[in-house]
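Undergrad: compute the structure for the input listed below.
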Amino acid sequence: MKFPFIQNIYSEEETISIAKTFSTILQKGDCVSLIGNLGAGKTFFVKYLCKEFLIDDANSPTFAILNVYLGKEKFFHFDFYRVRSKQELLDIGLYDYLNDEEAVTIIEWADLFQAVLPKKRYEITIILNEDFSRTFTIEKL
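TA: Here you go, the predicted model:
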């Protein structure tokens with residue numbers, strides 16, 4: 001996978017394929033920020049990314065803010081959608097999670113609190129197009 005990676009997709013199978021390919025480059029300590037409107041497919045992508053690490057229970061942490069998964073690797077899965085302030089993230093120990101070199105951190109709705117994101121990360125933007133296709137852009141920052 002070369003960066004920036006940009007691809008229009010037209011099926012769930014293509015999303016799953018991108019998740020499988022992307023999983024091969026992830027390493028402990030990596031952070032992945034996900035950006036996209038409601039229904040764009042962020043959680044669907046995460047679910048299939050996690051399956052590649054033998055994690056079958058990945059789901060949206062919208063109300064919990066954070067889910068922790070254990071498989072071939074440890075994953076911290078954040079969702080900033082319902083977070084009201086940067087202080088709320090600091091109170092739950094966001095930087096402790098981000099600095100855990102033994103885990104992969106995934107953040108949905110990352111664009112809501114860009115200031116707390118590590119400079120070194122993968123940023124995935126999923127755009128839901130009018131024809132219901134999606135445009136995936138993956139950058140290594």
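
Undergrad: isn't residue 31 right next to residue 110, touching?
TA: No. Using C-beta atoms under 8 Å, residue 31 makes no contact with residue 110, being 9.0 Å away. In this view, the C-beta of every residue, glycine as well, is placed from N, C-alpha and C.

Undergrad: quick one: common contacting residues for those two?
TA: residue 117 (C-beta atoms under 8 Å, 6 or more residues apart in numbering).

Undergrad: buried sites along stretch 58-71?
TA: The neighbour-count criterion (16 or more other C-beta atoms under 10 Å) identifies 58, 60-61, 65-67, 69 as the buried residues of stretch 58-71.

Undergrad: off-centre distance for it?
TA: Per C-alpha atoms, centre = their mean, to the nearest Å, the displacement of stretch 58-71 from the mean C-alpha position of its chain is 11 Å.

Undergrad: format the buried residues of stretch 58-71 as CSV; extra columns: distance to residue 83, pLDDT and secondary structure.
TA: Supplementary listing: these in CSV, determined by distance: C-beta to C-beta, whole Å; pLDDT from 0 to 100; DSSP: H, G, I helix; E, B strand; the rest coil:
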residue, distance to residue 83, pLDDT, secondary structure
58, 19, 94, coil
60, 14, 89, coil
61, 11, 87, coil
65, 6, 93, coil
66, 10, 96, strand
67, 14, 96, strand
69, 20, 97, strand
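
Undergrad: show me where this structure has its helices.
TA: 12-23, 42-51, 86-91, 94-98 (DSSP state H).

Undergrad: mean neighbour count, the ones you listed: which tops it?
TA: Among the helices of the chain, helix 42-51 has the highest mean neighbour count (mean count of other C-beta atoms under 10 Å), at a mean of 22.

Undergrad: by contact count, what packs against that helix?
TA: Other helices and strands packing on helix 42-51, by 3 or more C-beta pairs under 8 Å, 6 or more residues apart in numbering; DSSP states H and E, are helix 12-23, strand 31-35, strand 74-79, strand 103-108, strand 122-128.
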